[in-house]
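J.: any chance you could fold what I've pasted below:
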Amino acid sequence: MRPYFHTVQYYETDRMGLTHHSNYVRWMEEARIDFLKQIGWNYEKLEAAGIFSPVTEIGCRFLAGTSFPQEIGITIGITEYRGPILKLHYVMTAPDGKTVFEGDSAHCFLNSAGKVVRLSSALPELNEVLLSLACGGAADSERNNHEQ
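T.: A predicted model of the protein is given here:
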């Protein structure tokens, strides 16, 4: 999986010239949308199949500040996947390679009636892709690259 890149915008900074903390959650969503697109399951395709994936949990660790106009690289790895539950880990790095942020999000999968569904029966093709990434695939190798 290739990283997602976001350029810090001037309006995303505060009076001190640092990125306001609320923007990192937005960047997590941007990267998650890109991640789904890379694996062939963008939001439009999910929603056309009647599947929705709301955020159920967010965790953030701010490790260093960022500022305009830095380009921040964001990688995503799957930390857990069980049919109706998907947990993701995000690592954001500055141009010098320094980790500036780590975060986690949890998601469930719902049908159009708002009921929790297992992808193994609702979308077996997506289920297989997520299983392959969660079981030592690209997600683990991306995380290992950042821990070195």
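J.: contacting residues around the helix or strand encompassing Thr79?
T.: Assigned by DSSP states H and E, Thr79 belongs to strand 71-82. The contact list for strand 71-82, computed with C-beta atoms under 8 Å, 6 or more residues apart in numbering, reads 1, 3-8, 27-28, 30-32, 35, 66, 86-95, 100, 104, 130-131, 133-134, 139-140, 142-143, 145-146. Any C-beta I mention is one placed from the backbone N, CA and C, and that applies to glycine too.
J.: angle of the next helix or strand after it against strand 71-82?
T.: Next along the chain after strand 71-82, taking DSSP H and E as the criterion, comes strand 85-93. Interaxial angle of strand 85-93 relative to strand 71-82 (axes from the mean of the first three to the mean of the last three C-alpha atoms, to 10 degrees): 160 degrees.
J.: helices or strands up against strand 85-93?
T.: helix 22-38, strand 71-82, strand 99-108, helix 138-147 (3 or more C-beta pairs under 8 Å, 6 or more residues apart in numbering; DSSP states H and E).
J.: surely Val129 is within a helix?
T.: Yes: per DSSP: H, G, I helix; E, B strand; the rest coil, Val129 lies within a helix segment.
J.: quick check: closest non-adjacent residue to it.
T.: Leaving aside its chain neighbours, Val129 sits nearest to Ile39 (5.1 Å; criterion: C-beta to C-beta, 6 or more residues apart in numbering).
J.: and the helices and strands packed on strand 85-93 as CSV, adding distance to Val117, mean neighbour count and mean pLDDT?
T.: Formatted as CSV, the helices and strands packed on strand 85-93 follow (distance: least, C-beta to C-beta, whole Å; neighbours: other C-beta atoms under 10 Å; pLDDT from 0 to 100):
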stretch, distance to Val117, mean neighbour count, mean pLDDT
helix 22-38, 17, 17, 98
strand 71-82, 12, 19, 97
strand 99-108, 9, 18, 98
helix 138-147, 22, 15, 40
